[in-house]
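S.K.: Predicted model, plus sequence, below.
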Amino acid sequence: MLRYRANRPGRAARSSMLFVVVIAAALMVALSASARAADHPLSEQDNACLNCHGFEGTQKKATNGDILSLHIPQEDFAKSVHSAVGCSGCHADVTPNHPSDVKGIAASRAYSIEKLDTCRTCHDDKFKQWEGSIHASLVRDGNPGAPICTDCHNPHAVIKGSASSMESVPCKNCHSDVYDAYANSVHGKLRSTGQIVTPLCAGCHAPHAIRPANLAMGNGLDSACTGCHADLAEQHKTWHSALHLEVVSCPACHAPGNPRRLDLKLINDVTQARVSDKKSVPQVEGLARAQDIDGKGFNALELWGLLRTLNAHEGTSKIVLRGRLEMKNGADAHKLVAKSQAVSDCNTCHRKGAEAFQAVTLSILDAHGLPIRFGAGDRKQ
């Protein structure tokens, strides 16, 4: 009777296999330790700080009565990008025994603004972009609602990439009406299905160098839209695109059913820039209000008088009016629908008494680039 003996590795082979198993086990232990370190990369000093600041309810009262929360959840901080620099990376001026020597805080807002330079230490490029934004301009004017770094980024729980999520995008904290309109638009619905190439707020509006929407969108072709729709002009060639894209904003056709207006903008015919007041010498708004004699908006004669007055101050260039069909407010401008649902009937606008032309405004830009609107034509705003 024949017996078959299973092949068994020799002693040398068994030794090699044992070596491999030992090495693999060691690697697994090392990787596991590395993973634990990544989950909790806090130094001994950081843990010492969190022995106090890790407790809920830790707070400080400012001189003006504001209550500042000093609670830092340990788990959130450990996962944040700032855990790598540790507490002292941003709070180098605070000593371990600071409860006895920390300076008083006048008000929570003033303290937050004072600490902005801490962000600049590492994020100078982003900080410079923010300094030129409408947000920073409003902060310098003392607007208490204008966002600073820590209003959009929780400094103790910054997770890289979190702003690219619809659930955590910080813009909706201030612009909830615009966000809600976006969320129900064709863009928002696609984004919610996981199509991350579909734009979120930062895709159309630079996240730090944010300009007023009326300047960011330009006077002609909506540059925010061409970032994704590069063939926009070609796609609209049957609609006499050169003219339409100059005087009709994209949402005016792609957000049908929402109120629109014809806005008359003051344009410098040489620079093609919108006329804007300078903060040091504000005069455009004053001239406009002086021409609006009864304060009810401009009729044709008052409008002509304003142009004549402005051109008397302008020198070699000339101030002209350029009309543009657009949405009445920012929220409606985000209610974009699928291409198949966009306005496609010429009679929507090109007929007597068309709804789109029943509201006419004249817009003057203030020193921040924000529009001040006056009624014009039939004086409806």
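M.R.: Great, that's in hand. Here the structure is a predicted model, which is why all the values come from computation and not from measurement.
S.K.: Every contact and neighbour count from this point should use C-alpha atoms.
M.R.: Noted.
S.K.: Can you classify the spatially most central residue of the chain by secondary structure?
M.R.: Central residue of the chain (Cα atoms, centre = their mean): residue 207, 4.3 Å from the mean position. Secondary structure state of residue 207, per DSSP: H, G, I helix; E, B strand; the rest coil, is coil.
S.K.: wait, what's in contact with it?
M.R.: residue 201 (Cα atoms under 8 Å, 6 or more residues apart in numbering).
S.K.: mind listing the helices in the stretch 201-350 of the chain by residue range?
M.R.: 201-204, 213-216, 223-226, 232-235, 241-247, 250-254, 284-291, 300-314, 330-333 (DSSP state H, counting those that start in this stretch).
S.K.: Repeat that for the stretch 51-200 of the chain.
M.R.: Going by DSSP H, counting those that start in this stretch, the stretch 51-200 of the chain shows helices at 74-79, 86-90, 108-114, 116-122, 124-131, 134-140, 149-152, 176-183, 186-192.
S.K.: okay, now the domains of this protein?
M.R.: Here the domain parsing of the chain from automatic domain parsing is 44-159, 237-375.
S.K.: need these in CSV with distance to residue 200, mean neighbour count and mean pLDDT, can you?
M.R.: Below are the domains of the chain laid out as CSV (distance: least, Cα to Cα, whole Å; neighbours: other Cα atoms under 10 Å; pLDDT from 0 to 100):
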stretch, distance to residue 200, mean neighbour count, mean pLDDT
domain 44-159, 15, 15, 90
domain 237-375, 11, 17, 87
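S.K.: Which of the ones you listed sits closest to residue 180?
M.R.: domain 237-375 (8.1 Å; Cα to Cα).
S.K.: chain center to that closest one, what's the gap?
M.R.: With Cα atoms, centre = their mean, to the nearest Å as the basis, domain 237-375 stands 24 Å off its chain's centre.
S.K.: measure it end to end?
M.R.: 33 Å (Cα to Cα, to the nearest Å).
S.K.: Could you do stretch 334-343 as well?
M.R.: 15 Å.
S.K.: ditto for stretch 239-254
M.R.: Stretch 239-254: ends 14 Å apart by Cα to Cα.
S.K.: What are the contacting residues of that stretch?
M.R.: 219-222, 225, 233, 260, 322-327, 333-339, 341-344.
S.K.: In strands, which of those appear?
M.R.: 260, 322, 323, 324, 325, 326, 327 (DSSP state E).
S.K.: do you know how far the fifth one is from residue 168?
M.R.: Per Cα to Cα, residue 325 is found 33 Å from residue 168.
S.K.: And the first one, by the same measure?
M.R.: In this structure, residue 260 and residue 168 are separated by 31 Å, where distance is defined by Cα to Cα.
S.K.: ok, now the third one?
M.R.: The gap separating residue 323 from residue 168 is 38 Å, by Cα to Cα.
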